[in-house]
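> 3D model of this:
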Amino acid sequence: MKTIPSRTHTATLWVARGLIGLVTFFNLQAAFLFLFSPQVYAPGFELSGAAGEAMVQGMGLLFVMWNVPYVFALLDPIRNRHSLLEAVIMQAIGVVGETALLWALPGAHPLIHASVLRFIVFDGSGLGFLLVAWWVTRHIRALLKHYGEIHESPQPKNKSLIIQMLFRPT
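Residues are numbered from 1 along each chain as shown. You can find the predicted model right below:
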């Protein structure tokens, strides 16, 4: 069995991990800032008091939850390729959704406008990094398949039979 040059594979893999790691780090940093310093960020959403701080902390908690696939993609972007794809999709949903929110926002809310605009730039940058990581790992995966270092699991021939077995009444 031929093997691909390990330097090329390793360097490219670390480029992908570095990009995924940057996005994960900044996402989790934002999450922890929202969780542990909500009073600093609540006014940017025109929120105040205990309720406003709780809302910002809730956003921080959601950020932590949403980063689970990013962590798995970071650990092994080749083996956990689905996690990387999920992260790309989640990041894209964020950019598109935030842009739609910004367009629908009435002009009388400059603080919210600025906050949403920061989210768009933040998530758009993350999306770019994740797309490059996806592209890089796609090429690594193709090389590994070509040299026989990745073996795909055979897909079931009759998925409906499997679904029937899983969901049949007991």
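
> Quick check: Gly52 touching Val40?
No - between Gly52 and Val40 there is no contact under Cβ atoms under 8 Å: 11.3 Å. For every residue, glycine as well, the C-beta is placed using N, CA and C.

> All the helices of this structure, residue numbers only.
If DSSP state H is used as the criterion, the helices of the chain fall at 6-36, 38-41, 49-66, 68-75, 81-104, 110-146, 159-166.

> give me every residue that touches the residue most central in space within the chain.
In the chain, the C-alpha closest to the average C-alpha coordinate belongs to Ala87, at a distance of 2.7 Å (Cα atoms, centre = their mean). The contact partners of Ala87, by Cβ atoms under 8 Å, 6 or more residues apart in numbering, come to Ile20, Val23, Pro69, Tyr70, Ala73, Leu130.

> cutoff 6 Å now
Pro69, Tyr70, Ala73, Leu130 (Cβ atoms under 6 Å, 6 or more residues apart in numbering).

> returning to that earlier point: I'd like the helices of the chain as TSV, with mean pLDDT appended.
Formatted as TSV, those follow (pLDDT from 0 to 100):
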stretch	mean pLDDT
helix 6-36	92
helix 38-41	97
helix 49-66	97
helix 68-75	97
helix 81-104	96
helix 110-146	90
helix 159-166	56
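
> looking at these, which is buried most?
Highest mean neighbour count among the helices of the chain (mean count of other Cβ atoms under 10 Å): helix 68-75, with a mean of 19.

> other SSEs contacting it?
With contacts defined as 3 or more Cβ pairs under 6 Å, 6 or more residues apart in numbering; DSSP states H and E, the secondary structure elements packing on helix 68-75 are helix 6-36, helix 81-104.

> Can you tell me what sits against it?
Contacts with helix 68-75, where a contact means Cβ under 6 Å, 6+ apart, come from Ile20, Gly21, Thr24, Asn80, Ser83, Leu84, Glu86, Ala87.
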